[in-house]
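Chemist: Fold the following, please.
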Amino acid sequence: MSSFSHLDESGKPRMVDVGDKAISHRTATARGQVVFEPEQWDALQAGGFATKKGSVIDIAVIAGIQGVKQCATLIPLCHPLPVTGVDVNIQRGDHVLEITCTVKVDGKTGVEMEALTGVTTAALTVYDMCKSFGHAMRIEGVTLIEKTGGKSDVHRG
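Modeler: Residues are numbered from 1 along each chain as shown. You can find the predicted model right below:
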């Protein structure tokens, strides 16, 4: 038998059967960032963190929430989940926008992929909205920093 839960005994992909699992409260938080070159950052600041497309931060927050809601459509073996809460937060740093996404669910499987998808979708939206300033931006450090509920908890600073 494969040690990967998404592969059957013969190594073929499958969606894990969570039917017999108990419903529990689960959360996940992911983090990532969009790093800007100094001239890009200066242009973004000069425009009040808005472009012709609108408020970069506000629209990226909405995109992150939408990404969470679409996770099972984007990631083939993810279960659709009844998400009970999403919080996307974007903070300004030194030439960087720091993005965190926390997702909550009462369900039979975790929400790590949803949190990671939320961060990534928000970061891609920032990139899309700011590419008129140049393409030197970088999306970096997308990672799970916390997960609670289910078999095990994860806590990374």
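
Chemist: tell me the pLDDT at Thr102?
Modeler: pLDDT recorded at Thr102 is 98.

Chemist: Tell me the buried residues in whatever helix or strand it lives in?
Modeler: Element membership of Thr102, judged by DSSP states H and E, is strand 96-107. Neighbour-count burial for strand 96-107 flags Val96, Leu97, Ile99, Thr100, Cys101, Thr102, Val103, Lys104, Val105, Gly107 (criterion: 16 or more other Cβ atoms under 10 Å). C-betas here are computed from N, CA, C, even on glycine.

Chemist: Can you say which two of those residues are spatially most distant?
Modeler: The span of these, defined through Cβ to Cβ, is set by Val96 and Gly107 at 33.0 Å.

Chemist: Can I get the strand holding Thr102 in CSV? Just the C-alpha atoms.
Modeler: Extracted C-alpha coordinates of strand 96-107, given in CSV (Å, rounded to 0.1, in the frame of the first residue of the first chain):
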residue,chain,number,x,y,z
VAL,A,96,6.9,44.0,0.6
LEU,A,97,3.3,43.1,1.1
GLU,A,98,2.9,40.4,3.7
ILE,A,99,-0.2,38.2,3.2
THR,A,100,-1.8,35.9,5.7
CYS,A,101,-4.9,33.8,5.3
THR,A,102,-6.7,32.0,8.0
VAL,A,103,-9.5,29.6,7.2
LYS,A,104,-12.0,27.8,9.5
VAL,A,105,-14.3,24.9,8.9
ASP,A,106,-16.3,22.4,10.9
GLY,A,107,-15.7,19.3,8.8
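
Chemist: how far is that strand from where the chain is centred?
Modeler: Taking Cα atoms, centre = their mean, to the nearest Å, one finds the center of strand 96-107 at 6 Å from the center of the full chain.

Chemist: What pairs with it, parallel or antiparallel?
Modeler: When pairing is defined by DSSP bridges, strand 96-107 lines up against strand 24-35 (antiparallel), strand 83-92 (antiparallel).

Chemist: all strands of this protein, in order?
Modeler: In the chain, the segments counted as strands under DSSP state E are 24-35, 50-51, 54-55, 83-92, 96-107, 138-148, 154-155.

Chemist: wait, which of these is closest to Gln66?
Modeler: Taking Cβ to Cβ, strand 83-92 is the member of the strands of the chain nearest to Gln66, at 9.5 Å.
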